[in-house]
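Peer 1: what's the 3D shape of this:
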Amino acid sequence: MNSVLQCGIACSRKLLVTLPKSCLSPRGGLFILKSPQLSIHNVISKRMMSTLRSRKTSTIGPAGIFLLTIPVGTFCLGTWQYQRRQWKLNLIAELEAKTAAPAVPLPENLEDLSDMEYQKVRLTGTFDHSKEIYMGPRAQLVGGDVHQAGGGLISSSETGFLVITPFKLADRDLTILINRGWVSRKFRNPQSRMEGQLEGPVHFTAVVRKTENRAPFTPDNRTGSLIFTFRDVNVMAEVLGTSPICLDAVETFPGGPTGGQTRVTLRNEHLSYMFTWYSLSLATSLMWYFRFIRRKPIM
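Peer 2: Numbers count the residues shown, from 1 in each chain. I've put the predicted structure just below:
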């Protein structure tokens, strides 16, 4: 209160010094403003408000500038998530277009397969069931996503394994790997599903897949084991003596593994992330405004 009073006195003194004499008239030893629009009260109030504004601006300081990086940074993260969402939507559209396209013959130049992931190809040849290996544990996929209910050989109320079998192509001297599909744990032994161990030439459609990187917390593939925890195509091919090419069968073989075990869905949660970051940016912007501009306590 004293500081405000002192500020008012200082402003009044400065006013009397700076105003032209034509605006003042002596009456009984006091100087009175001639113009009613320039009352001493109005002029002092304006001068005090101007002084307080200048002080308020100057008190933002380094801390205020530093805290301003929070709403700015969260806004940038929200914008980044928006860009990531657009990229993911384009990727999903590209994936859906590839999986919906008709099957094509396996290219003569196998290097072309590097640009054909998720595209369907037609195959003819014979399986070598004596060299099966397994990949898992894995949940069964239905329609390209995890299936929860089931029971029996070709459905899942539990985890199971993908059956990987060497496949000798009929039109060239080349043996590749085929992921024939999913079986439950109790049917991993091929003796329990002999009906599905097809002999002789077979025709089917498969999806081109690449090797996988080991996911976080996934155990490494054990040397000498027939069970792989992730799709390491080069090691699988070395174990079975085939070319390092692994395709996923689309069809389900009679009495055998469930085909179509290619995940064709991608997680797209960028919209929720974008909303979170933009909300934080708005909230912290308001907090910063009331703290450093309006000078009101946040709590």
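Peer 1: centroid-nearest residue for the protein?
Peer 2: The C-alpha lying nearest the average C-alpha coordinate of the chain belongs to His270 (C-alpha atoms, centre = their mean; 5.4 Å).
Peer 1: OK, contacts around that residue?
Peer 2: Applying C-beta atoms under 8 Å, 6 or more residues apart in numbering to His270 gives the contacts Gln81, Tyr82, Arg84, Arg85, Lys88. Heads up, the C-betas are built off the backbone N, CA and C, glycines and all.
Peer 1: from those residues, list the buried ones, please.
Peer 2: Neighbour counting with 16 or more other C-beta atoms under 10 Å marks Gln81, Tyr82, Arg85, Lys88 as buried within the contacts of His270.
Peer 1: so, low pLDDT: which residues of the stretch 101-250 of the chain?
Peer 2: Scanning the stretch 101-250 of the chain for pLDDT under 70 picks out the ranges 143-157.
Peer 1: and Gly181, that one's in a strand?
Peer 2: Yes. Assessed by DSSP: H, G, I helix; E, B strand; the rest coil, Gly181 belongs to a strand.
Peer 1: which ones are touching the nearest residue to it once chain neighbours are set aside?
Peer 2: Excluding the flanking residues, the one nearest Gly181 by C-beta to C-beta, 6 or more residues apart in numbering is Pro257, at 3.1 Å. For Pro257, the contact set (C-beta under 8 Å, 6+ apart) comprises Ile154, Leu162, Val163, Arg180, Gly181, Trp182, Val183, Arg193, Gly196, Ala249.
Peer 1: try 6 Å this time
Peer 2: Pro257 makes contacts with Val163, Arg180, Gly181, Trp182, Val183, as judged by C-beta atoms under 6 Å, 6 or more residues apart in numbering.
Peer 1: need the strands for the stretch 1-150 of the chain, in chain order.
Peer 2: With strands called from DSSP state E, counting those that start in this stretch, the stretch 1-150 of the chain shows them at 24-27, 30-33, 104-105, 120-127, 133-138, 141-142, 145-146.
Peer 1: just the C-alpha atoms of the fourth one, please, in CSV.
Peer 2: Taking Å, rounded to 0.1, in the frame of the first residue of the first chain, the C-alpha atoms of strand 120-127 are listed here in CSV:
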residue,chain,number,x,y,z
LYS,A,120,0.9,-62.4,-53.4
VAL,A,121,2.7,-64.9,-55.7
ARG,A,122,1.7,-68.2,-57.2
LEU,A,123,3.7,-71.3,-56.4
THR,A,124,3.9,-74.9,-57.6
GLY,A,125,6.2,-77.5,-56.2
THR,A,126,6.6,-80.1,-53.4
PHE,A,127,7.2,-79.9,-49.6
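Peer 1: which of the helices or strands spans the residue lying closest to Pro244 once chain neighbours are set aside?
Peer 2: Counting by C-beta to C-beta, 6+ apart, Pro244 lies nearest to Ala237, which is 4.1 Å off, once chain neighbours are set aside. Assigned by DSSP states H and E, Ala237 falls within helix 233-240.
Peer 1: and the next element down the chain from that helix?
Peer 2: Sequence order places strand 246-249 as the next helix or strand after helix 233-240, per DSSP H and E.
Peer 1: list the helices and strands that following strand packs on?
Peer 2: The criterion is 3 or more C-beta pairs under 6 Å, 6 or more residues apart in numbering; DSSP states H and E, and the helices and strands that strand 246-249 contacts are strand 175-184, strand 202-209.
Peer 1: coming back round to it: inside helices: which ones of the buried ones among the contacts of His270?
Peer 2: Mapping the buried ones among the contacts of His270 onto helices (DSSP state H) picks out Gln81, Tyr82, Arg85, Lys88.
Peer 1: my guess is the last one contacts Leu271. True?
Peer 2: No. Taking contact to mean C-beta atoms under 6 Å, the distance of 9.8 Å between Lys88 and Leu271 leaves them out of contact.
Peer 1: ok so, going back, how about CSV for the helices and strands packed on strand 246-249, with mean neighbour count and distance to Arg294 added?
Peer 2: What follows is these, written out as CSV (neighbours: other C-beta atoms under 10 Å; distance: least, C-beta to C-beta, whole Å):
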stretch, mean neighbour count, distance to Arg294
strand 175-184, 24, 62
strand 202-209, 19, 59
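Peer 1: and of those, who's closest to Arg122?
Peer 2: Closest approach to Arg122 among the helices and strands packed on strand 246-249 is made by strand 202-209 (5.8 Å; C-beta to C-beta).
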